[in-house]
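**Q** Fold the following.
(chains A, B, C and D)
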There are 2 protein chains.
Amino acid sequence: MGANGVERRPLRRDAQERRDRLVEAARREFARHGVDASLEKIAREAGVSIGTLYRHFPTRMDLLMAAFRPRLDEFMAGAAEALAIEDPWDGFVHYLENLFAMQAGDRGFNDFLSRRFTDNAETERIHDQMCRHIGDVLARAQDAGRVRADLSQGDIVNLIWSNGRMIDATSTTAPNAWRRHLHLMLDAYRAERAHPIPEPPMTDQQLYDAMVHLSQVD
Amino acid sequence: MGANGVERRPLRRDAQERRDRLVEAARREFARHGVDASLEKIAREAGVSIGTLYRHFPTRMDLLMAAFRPRLDEFMAGAAEALAIEDPWDGFVHYLENLFAMQAGDRGFNDFLSRRFTDNAETERIHDQMCRHIGDVLARAQDAGRVRADLSQGDIVNLIWSNGRMIDATSTTAPNAWRRHLHLMLDAYRAERAHPIPEPPMTDQQLYDAMVHLSQVD
DNA sequence: CCCAAACGTGAGGCACCCCTCCGGTTCGCT
DNA sequence: AGCGAACCGGAGGGGTGCCTCACGTTTGGG
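**A** Modelled structure (predicted):
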């Protein structure tokens, strides 16, 4: 079955082989240089011409989705795991740990999580699903009185941005620094030590706009 | 007196006027697009040719320093204020509030604080001074038992990165979101009920490398 | 008022990157 | 084997940005 449910004949053998090499090269380049990596370089890296790249992946997003599919599945599985853990706090921590670790492992995926590409129905779907996951994990921990009640989904998205930036900075020189950041944040999130926050959480609209903003070029 | 102490005759009247216009335009463009803003655009904006820009500012850093000098002074003054506040915790909060607010006010300055340009003695000096300030403010609050003892300078630099990214995302849609982030972080930093952190702080070398890394193009 | 020094200009070389299009190549079905 | 559909290559047009340099313009001291 094709991506959109349309049955299509399999690729010719040579075409399939080139396509695989492209996805492989894209994974490497996106991981190294983020989602804005040069397509021409990816083609070169794959030993394929730029025209071929465009034949298989008409838009950058097509290539991104092909490259990140496994990572995305892995990530979603981690989120499901979190909800399966009995203790709500442990589930919350597991969710964040999984999130941070995946961001740390791949700069492209890190970018991908931080930005929201509005021109693509599938990525919208993915982001919605992510937001639902966050909401569930968070609400459960809050209902159990373990996470401060005034924490919002937007604060977690914020955390994604923060951590993303930190990982950009430290990944080559201190690859585990994110774990420190995470545990510091956990102390900020615990219900026991909460002090009132003088600024209200972002509205859904603000949050959405901010994510879209990050995906637009200056 | 010239920047490096060399006495040089004043600029010709027309040259001075163009230089002023350039600095003005640079401030605007850097604020809007970060420190990587296009120099050609800045020249256009100033109504001056690109050649003239290069005559006055042979390197991007020369222009950056000219544009940010007032902001830098303002920032350093805020840091001094923080140390002048009697209560160590209040001083700590004041320092961070000043820092965040200045990051929020100018995308270029935000970039500037996050990165470390190694090819320039003056910026190195500035960063060293900033690190000293952070160290002083932090140590004072820790000695007073108000900030958790296991917090390191690197964690504050981390905070600069985190907040920088958050501001990039939210400045146009939720310009005060940083204040919420700050107060969340304060709850993470308070000494009372701090939980142990399983990852050691970054070494000075790691911290330095990370800052340099951020200032290098992909 | 004159002229040398200071200054300004913008075309142009170079390096990227994106994306298209058409002539040539390869596959695999019959 | 032969042929048409599928596929591939890569030149090339359009865009942006950096930086230089030969030539023309302006200033202000003498």
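**Q** Give me the residues contacting stretch A:194-202.
**A** By C-beta atoms under 8 Å, 6 or more residues apart in numbering or on different chains, the surrounding residues in contact with stretch A:194-202 are A:148-150, A:152-155, A:210, B:170, B:173-174, B:176-177, B:179-180, B:183-184, B:186-187, B:190. The way it works is simple: take the backbone N, C-alpha and C, and place the C-beta from them, glycine included.
**Q** got it, and stretch A:78-85?
**A** Stretch A:78-85 has contacts (C-beta under 8 Å, 6+ apart) with A:91-92, A:94-95, A:98-99, A:102, A:130, A:133, A:136-137, A:140.
**Q** Whichever of those residues end up buried, select them in PyMOL.
**A** Typed into PyMOL, the line below selects the buried ones among the contacts of stretch A:78-85, using 16 or more other C-beta atoms under 10 Å in any protein chain shown:
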select buried, chain A and resi 91+92+94+95+98+99+102+130+133+137+140
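**Q** low-scoring stretches of chain A, by residue?
**A** A:1-7 (pLDDT under 70).
**Q** Could you list the residues of it in contact with DNA strand D?
**A** Residues of chain A lying near DNA strand D by C-beta under 7 Å from any atom of the strand: A:11-12, A:14-15, A:18-19, A:48-52, A:54-56.
**Q** just the buried members of those residues?
**A** By neighbour count, with 16+ other C-beta under 10 Å, those hold A:18-19, A:48, A:52, A:56 as buried.
**Q** How about the helix or strand hosting residue A:160 and chain B, any contact?
**A** Under the criterion of DSSP states H and E, residue A:160 resides in helix A:153-170. Yes. Counting by C-beta under 8 Å from any C-beta of the partner chain, chain B has neighbours in helix A:153-170: A:154-155, A:158, A:161-166, A:168-170.
**Q** Farthest pair within those residues?
**A** Farthest apart among these by C-beta to C-beta are A:154 and A:170. That separation is 24.4 Å.
**Q** center of chain A - which residue?
**A** Central residue of chain A (C-alpha atoms, centre = their mean): residue A:113, 2.6 Å from the mean position.
**Q** packing partners for the particular helix or strand that has it in it?
**A** Taking DSSP H and E as the definition, residue A:113 sits inside helix A:107-114. Here helix A:107-114 touches helix A:13-33, helix A:60-84, helix A:88-105, helix A:153-170, going by 3 or more C-beta pairs under 8 Å, 6 or more residues apart in numbering or on different chains; DSSP states H and E.
**Q** so how far is the host helix or strand of residue A:128 from its chain's centroid?
**A** Taking DSSP H and E as the definition, residue A:128 sits inside helix A:121-143. Helix A:121-143 sits 12 Å away from the centroid of its parent chain (C-alpha atoms, centre = their mean, to the nearest Å).
**Q** Just the buried positions in it, please.
**A** By 16+ other C-beta under 10 Å, the buried positions in helix A:121-143 come out as A:123, A:126-127, A:130-131, A:133-134, A:137-138, A:140-142.
**Q** Now find how far off-centre stretch A:84-93 is within its chain.
**A** Relative to its chain's centre, stretch A:84-93 lies at 21 Å (C-alpha atoms, centre = their mean).
**Q** What is the end-to-end distance of that stretch?
**A** 13 Å (C-alpha to C-alpha, to the nearest Å).
**Q** related to what we said a few turns ago, got JSON lines for the residues of helix A:153-170 next to chain B, with distance to residue A:107 too?
**A** Output for these, formatted as JSON lines (distance: C-beta to C-beta, whole Å):
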{"residue": "A:154", "distance to residue A:107": "24"}
{"residue": "A:155", "distance to residue A:107": "24"}
{"residue": "A:158", "distance to residue A:107": "19"}
{"residue": "A:161", "distance to residue A:107": "14"}
{"residue": "A:162", "distance to residue A:107": "16"}
{"residue": "A:163", "distance to residue A:107": "12"}
{"residue": "A:164", "distance to residue A:107": "9"}
{"residue": "A:165", "distance to residue A:107": "11"}
{"residue": "A:166", "distance to residue A:107": "12"}
{"residue": "A:168", "distance to residue A:107": "7"}
{"residue": "A:169", "distance to residue A:107": "11"}
{"residue": "A:170", "distance to residue A:107": "12"}
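**Q** Noted, bye for now.
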